[in-house]
Structure formats: structure tokens, C-alpha cells
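Enquirer: I would like the atomic coordinates for the input below:
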Amino acid sequence: MAEGSPKTAYEIAMERLKSRDAAAGIEHKALTDQQKAAIGEIRNFYQAKLAELEVLHQGKLNAMIDPAERAAREAEYRRDRERLTSERDAKIEKARA
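Expert: All right, here's what the predicted structure looks like:
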């Protein structure tokens, strides 16, 4: 951007966020290529696991008639999704460190 030209709202917001982070003592360091690759592999693995879980869940639901059993399977599915998501997030944080 040329010197003295007006800033966009995005640029102003980013400057404010950077100044808040600096005041709070938060440092942002860039990820290495190795970290980016590890995070990408983690995301791909868990995306596949979640897709597999979804397909299996839909197959089970299609075979069920009992509403109580369907509700139990829905709750189990939500727990499994939450578990996989939290595992993924924990592994990503570990890869960032």
C-alpha cells in the first residue's frame, strides 16, 4: 500500500488485534514447514475418521425403527464426534508446540 493512503477496515482491525496481543504478552511465531505438514496430516486423518463415522452412523440409522434406539445412537454418534474432534485439536496443539 502506498504511504499515506487510507487503510482498510481489515488493516485497522488487524493492527488493533496485534497491539492487544502485544499488550497481553502473546507472541505469534510462524509455523515451520514440518509443523504445517504434520498439522495437515492430522487434519486429513481426522477428516477421514469423521467421514467414516458419519457413513457408519447413517447406515445404522437407516436400519433402525425404534425412536428410543435412534436417540441412543444419535447420542453415541455425538460423543464419538466430540471425542475425535478433541483428539484432533489436542494433536494439532501438540504439533504447534
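Enquirer: only C-alpha atoms from now on, for both contacts and neighbour counts.
Expert: Noted.
Enquirer: buried stuff in the helix or strand hosting residue 78?
Expert: Element membership for residue 78, per DSSP states H and E: helix 67-96. Using 16 or more other C-alpha atoms under 10 Å as the burial criterion, the residues of helix 67-96 that qualify are 70, 73, 77, 81, 84, 85, 88, 89, 92, 95, 96.
Enquirer: export those to a markdown table and tack on distance to residue 11 and pLDDT?
Expert: Formatted as a markdown table, those follow (distance: C-alpha to C-alpha, whole Å; pLDDT from 0 to 100):
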| residue | distance to residue 11 | pLDDT |
| --- | --- | --- |
| 70 | 49 | 93 |
| 73 | 47 | 93 |
| 77 | 42 | 96 |
| 81 | 37 | 97 |
| 84 | 36 | 97 |
| 85 | 32 | 97 |
| 88 | 32 | 97 |
| 89 | 29 | 96 |
| 92 | 28 | 94 |
| 95 | 29 | 92 |
| 96 | 26 | 87 |
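Enquirer: what is the nearest of those to residue 39?
Expert: Nearest to residue 39 among the buried residues of helix 67-96, counting by C-alpha to C-alpha, is residue 92 at 5.7 Å.
Enquirer: residues touching that closest one, list them.
Expert: Each residue near residue 92 by C-alpha atoms under 8 Å, 6 or more residues apart in numbering is listed here: 39, 42.
Enquirer: and it, how far from residue 86?
Expert: 10 Å (C-alpha to C-alpha, to the nearest Å).
Enquirer: just how off-centre is the helix holding residue 78 within its chain?
Expert: Put simply, helix 67-96 sits 13 Å off its chain's centre (C-alpha atoms, centre = their mean, to the nearest Å).
Enquirer: okay, now the unreliable bits of the protein?
Expert: 1-4 (pLDDT under 70).
Enquirer: could you redo the last one with a cut-off of 90?
Expert: 1-7, 17-31, 63-65, 96-97 (pLDDT under 90).
Enquirer: coming back round to it: so which of the buried residues of helix 67-96 comes closest to residue 19?
Expert: For these, the closest approach to residue 19 (C-alpha to C-alpha) belongs to residue 96, at 22.6 Å.
Enquirer: distance of the closest one from residue 48?
Expert: Residue 96 sits 21 Å away from residue 48, going by C-alpha to C-alpha.
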